[in-house]
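**Q** here you go, sequence then predicted model.
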Amino acid sequence: MISNNTQVISPFWTQSFDSKKENVDKVKKVLKTVWKFSKLFIYAFLLLMGLWGCFQTMFDPTVKTNTTIGSAMEFGFSFGTTGDYRYDLAGGNNEYYAFTSTNWNIDDYGPFFGLFVYPGAMLMLYIMYPLKDAWGGLNALLALFILLFIIRVITFLISIRSTLQSERMSEIQGKLAEINAKYKDVKKDMATRQKKQLETNELYKKYNIKPFAMFEQIFITMPIFLIVYRVVTILRPIKVISLFTIWNLSLSPLNEIFSNLSDGGWKFIFFLIILIPVQILSQKLPQMLAKRRNFNAKTSSDKGDKSAKRMRTMQIVIIVVMVFIVVQSPASVGLYWFMSALFTIMQSIIIHKYLMKKKKRGISLEDKLKQLGIK
């Protein structure tokens, strides 16, 4: 007969399995924490660099740009390297010149230019120079395409994570509307508001929704815009390119239209007619495709309608601000904006087709994220 005080010891194989499982869980927990803080650090760093670049561009005279060749900050080969004035920075007495050799480093121009602008400028310069005699600035188009392609590949997972989070939000709109309707008559009761918030958080947890994940792309998009903006405005060869022999990439569309309308400025009207609708489509298309994927989703709630209206208003404001920045900047910035919009449209279509294919197979969004390793 076994005494009540006798300690029952589990078999060694059970102990080993449980111990391994516990260790794996601990490692996963540690890695998850490390990844969480790493992302916070990366986003904070990118935001800091974006702000640094923005304020440096506005207030530091040594990084100012000028569309006139041989003035302000320029990026190209050192004088005498190629013998081509489009690529060689003449002289060296101008304190605003930026060279590809010893004169370009973090100490001289700060981390934003040294760590981010310099690599992009180098990449485009070394793509453009072998094709320097290409017709109509096709070498600039190719260089900018490759730069944007690399950037989009690096940021693709962030983009798809943001898209899939938005997808999840669309799928639970009906449930959110039910919660809002349940508590719509109680606005000042703190306890009831807390209960409503608890139910909402539980719903987010059930569907693995992280509301702030949808805004991650903003922390990436704005610094990238500033980086490429600086790259295309300081490259010496871009100052002399006339795209398709029609549009001088160093000139501002807005200034040309108002100042030189009869003397060639009218050509930039067509430049903007092509550019602006494509950008607006790139902003609207993801929403249009999301509605097509989730046409059965219920969104009827006052709070949901107000939230959607605020988002549409914010989107319109962002588009107007970006249009203003682009039309008064050199046309090279508009070219980047146009090509970036094409990448966004293509990316939206690819993601849409992928999600529709998965839906037809009956695979849930939760499974999609797990397959991609995105949670």
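**A** Alright, I've got the coordinates.

**Q** in stretch 35-45, what's buried?
**A** residue 43 (16 or more other Cβ atoms under 10 Å). To be clear about C-beta, it is placed using only N, CA and C from the backbone, and glycine gets the same treatment.

**Q** show residues contacting that stretch.
**A** Applying Cβ atoms under 8 Å, 6 or more residues apart in numbering, the contact partners of stretch 35-45 are 216, 219.

**Q** just confirm residue 67 is within a helix.
**A** No: counting by DSSP: H, G, I helix; E, B strand; the rest coil, one finds residue 67 to be coil, located in no helix.

**Q** can you give me the neighbour number for the closest residue to it other than its chain neighbours?
**A** Leaving aside its sequence neighbours, residue 67 sits nearest to residue 250 (Cβ to Cβ, 6 or more residues apart in numbering; 4.0 Å). Other residues within reach of residue 250, judged by other Cβ atoms under 10 Å, total 21.

**Q** okay, and for the stretch 201-350 of the chain, where does confidence drop off?
**A** 211-215, 294-311 (pLDDT under 70).

**Q** please, which helix or strand holds residue 127?
**A** For residue 127, the host element (DSSP states H and E) is helix 118-128.

**Q** next secondary structure after that helix?
**A** As assigned by DSSP H and E, the chain's next helix or strand after helix 118-128 is helix 138-171.

**Q** that following helix vs helix 118-128, what angle?
**A** Angle of helix 138-171 versus helix 118-128, following axes from the mean of the first three to the mean of the last three Cα atoms, to 10 degrees, is 130 degrees.

**Q** elements contacting helix 138-171?
**A** When contacts are defined as 3 or more Cβ pairs under 8 Å, 6 or more residues apart in numbering; DSSP states H and E, helix 138-171 sits against helix 118-128, helix 216-234, helix 267-293, helix 331-360, helix 365-372.

**Q** ranking these by burial, who's on top?
**A** helix 216-234 (a mean of 21; mean count of other Cβ atoms under 10 Å).

**Q** output that one as PDB, restricted to C-alpha atoms.
**A** Provided in PDB are the C-alpha atoms of helix 216-234 (Å, rounded to 0.1, in the frame of the first residue of the first chain):
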ATOM      1  CA  GLU A 216       3.600  51.100 -39.500                       C
ATOM      2  CA  GLN A 217       3.800  52.000 -43.200                       C
ATOM      3  CA  ILE A 218       3.700  55.700 -42.400                       C
ATOM      4  CA  PHE A 219       6.900  55.400 -40.400                       C
ATOM      5  CA  ILE A 220       8.600  53.900 -43.500                       C
ATOM      6  CA  THR A 221       6.900  55.900 -46.300                       C
ATOM      7  CA  MET A 222       7.800  59.400 -45.200                       C
ATOM      8  CA  PRO A 223      11.500  58.900 -44.500                       C
ATOM      9  CA  ILE A 224      11.800  57.100 -47.900                       C
ATOM     10  CA  PHE A 225      10.100  60.000 -49.700                       C
ATOM     11  CA  LEU A 226      12.600  62.400 -48.100                       C
ATOM     12  CA  ILE A 227      15.600  60.200 -49.000                       C
ATOM     13  CA  VAL A 228      14.600  59.800 -52.600                       C
ATOM     14  CA  TYR A 229      13.600  63.500 -52.800                       C
ATOM     15  CA  ARG A 230      17.100  64.400 -51.800                       C
ATOM     16  CA  VAL A 231      18.700  61.900 -54.100                       C
ATOM     17  CA  VAL A 232      17.000  63.100 -57.200                       C
ATOM     18  CA  THR A 233      17.400  66.800 -56.400                       C
ATOM     19  CA  ILE A 234      21.200  66.700 -55.800                       C
END
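
**Q** tell me who's in contact with residue 227.
**A** Taking Cβ under 8 Å, 6+ apart, one finds 53, 112, 116-117, 120 in contact with residue 227.

**Q** for the longest strand along the chain, buried residues please.
**A** The longest strand of the chain (DSSP state E) is strand 75-78. Of the residues in strand 75-78, 75-77 count as buried by neighbour count, 16+ other Cβ under 10 Å.

**Q** let me know whether residue 176 touches residue 203 as I believe.
**A** Yes: Residue 176 is within contact range of residue 203, at 7.0 Å (criterion: Cβ atoms under 8 Å).

**Q** neighbour count winner among the two?
**A** Shown here are residue 176 and residue 203; by other Cβ under 10 Å, residue 176 has more neighbours (20 against 15).

**Q** quick revisit: with distance to residue 85 as added columns, please give the helices and strands packed on helix 138-171 in CSV.
**A** Output for the helices and strands packed on helix 138-171, formatted as CSV (distance: least, Cβ to Cβ, whole Å):
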stretch, distance to residue 85
helix 118-128, 14
helix 216-234, 16
helix 267-293, 25
helix 331-360, 18
helix 365-372, 49
